[in-house]
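In: pasting the sequence and the predicted coordinates here, then a few questions.
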Amino acid sequence: MSGPHLALISPYDAGNLGDAAILESVSNGFRALDPSCRFTAVTLAPAAMPDCHGFPGWPITGASVAFYAIAESARQAPASAVADFAVTSSVGSETPARRRSFAARLGRLPVLGPLLKRLRSAVRFAIADLRHWRRSHAWLADVDGVMVAGGGQFDDEWGGAWGHPYALFKWSVLAGMRGIPFVIASVGVCRTHDRLARFFFARAMRNAQLLTFRDAESRVRAAAIQPKCPGGVVSDLAFALDPAFAIHPALKCRAACEVPGDTAQPVFAGSASRATGTGSRLRIGLSPIAYRMPDAWPTPDAARFREYFDVLLGLVRSLREAGHEVVLFTSERTDRDVVRLVQQRLVAEGAQPLESVLPDRLEELLAALDCFDVVITSRLHGIILAHVLGKPAAALSYDRKVREHMKDMGQESYCLDIDSPELANAWAMTQQLIAARASAAASVRAALAPRRAQVVEQYAHILRMLRRGDRG
């Protein structure tokens, strides 16, 4: 008899390795309790899931919108699901030329043209979405439960209300239609400004048989959306990740190096002898972020990005002048553009480019983090994974969730806001962390065990729900 089958809901697009860490934590955590457990990742990159995580994927949405789109690459094209469900701006490419020309002429009409375009998009969205409802309902016949798997999933910035907020509402209803448990586990509440998005979030919370948030402030914000919110607080799911499973001996203390300007995929290079700092020379991992970067962030601000970028470059120069080895790395594919900008600026200034680590897989990221003496990053899961490995880390925070984590871990002294004038103190904060890195690492390691135990107990509770088909 096969074990319980759990659908894992995540906006994962195979580019954010924080989401990858959560999926690995969930799958390995449940299998440690019951090796017969089965999983399907319901994501934006369903075709990539077998290769990335070893279990199948299913499309989270039937119609792509800006900043919330099903992966379309030929390499990842699925045999059945994505090809049928994904609706993007390219869908009309097979329309006969005469029909395209007529549509183009209509679109140029003043007032009426934009309205017709919006109507056409809405109709196409509705048709694809209804198809997704029908096929997903049929597919859930073989699923024992639906789990919203951690991360900052209460967020309307990426895709708006009809992106992830609507997807969460949809899957909560589908689970109810099938009579299977719907659980929301250790989620974060980020930007929730849109009224319609808040409605979708509220309905999803009301439909959940288990509801927990990864930090206390997220629970407070959720209660403002749904006053009868009964949820508790359970640490981020990535805390239960066992890094030993992913850091293969062949990858340990090696780096994926990219030659600046090279468009090829990064390959593993380097040697273990260069992996850790000796004496006063340390190996510092620095991870830029594309926060507010035009064309990369849904709410761009070129001036703010430029200010952050200048501070980042200053930090690189200061670390080099102090004799440290600086390695640029990413945990999100979008941030690679910032790495290239840093490299280009250094070369333009006549300086040597930095080693850079651009991992495509979680195990590559963990291998890189494992060989840093100090980590400086902005992404929440870049910080969490560094802490899971017991590394001293500083945060150039772009969001409340990063500040909350650093405060919870007792590391608030090593956190500065990107949007604050205090960002100019990044070098002074880094010097402070370098000087206190041993005590910072010890404090981080001491904080890990209770958080890991909390997440594992939540997995056990959810597993009991699945076994008895609990409805609340």
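Out: Yes, it's here. These numbers come from a predicted model, not from an experiment.
In: let me see the contact set for residue 351.
Out: Residue 351 is in contact with residue 320, counting by Cβ atoms under 8 Å, 6 or more residues apart in numbering. (Glycine included, C-beta is placed from N, CA and C.)
In: and it, its phi and psi?
Out: Here is the backbone geometry of residue 351 (degrees, to the nearest 10): phi -90, psi 160.
In: with the one 10 residues further on instead?
Out: Here is the backbone geometry of residue 361 (degrees, to the nearest 10): phi -130, psi 150.
In: excluding its backbone neighbours, what's nearest it?
Out: residue 52 (6.9 Å; Cβ to Cβ, 6 or more residues apart in numbering).
In: thought the one you found was touching residue 20?
Out: Yes - at 6.5 Å, residue 52 counts as touching residue 20 under the criterion of Cβ atoms under 8 Å.
In: hmm, back to that, which SS class is the residue nearest to residue 361?
Out: Assigned with DSSP: H, G, I helix; E, B strand; the rest coil, residue 52 falls in the helix class.
In: what number of residues are in the vicinity of it?
Out: 21 (other Cβ atoms under 10 Å).
In: which residues are in contact with residue 447?
Out: Neighbours of residue 447 in contact, by Cβ under 8 Å, 6+ apart: 387, 409-410.
In: could I get the full set of strands for the stretch 151-300 of the chain?
Out: 182-189, 210-213, 232-233, 255-257, 267-269, 283-286 (DSSP state E, counting those that start in this stretch).
In: can you list the domain ranges for the chain.
Out: The chain breaks down into these domains under automatic domain parsing: 5-234, 243-448.
In: just name the most buried of the strands of the stretch 151-300 of the chain.
Out: strand 182-189 (a mean of 27; mean count of other Cβ atoms under 10 Å).
In: so, low pLDDT: which residues of the protein?
Out: Counting by pLDDT under 70, the ranges of the chain that qualify are 1, 72-113, 116, 245-279, 469-472.
In: any idea which helix is longest in this structure?
Out: helix 437-468 (DSSP state H).
In: got the buried residues for it?
Out: 437, 440-441, 444, 447-448, 451-452, 454-456, 458-459, 462-463, 465-466 (16 or more other Cβ atoms under 10 Å).
In: next: stretch 39-57.
Out: For stretch 39-57, by 16+ other Cβ under 10 Å, it's 39-49, 52-53, 55, 57.
In: element containing residue 8?
Out: strand 5-9 (DSSP states H and E).
In: now that strand against strand 182-189, angle please.
Out: Angle of strand 5-9 versus strand 182-189, following axes from the mean of the first three to the mean of the last three Cα atoms, to 10 degrees, is 30 degrees.
In: sheet partners, orientation included, of strand 5-9?
Out: In the sheet, strand 5-9 lines up against strand 38-43 (parallel), strand 145-154 (parallel) (DSSP bridges).
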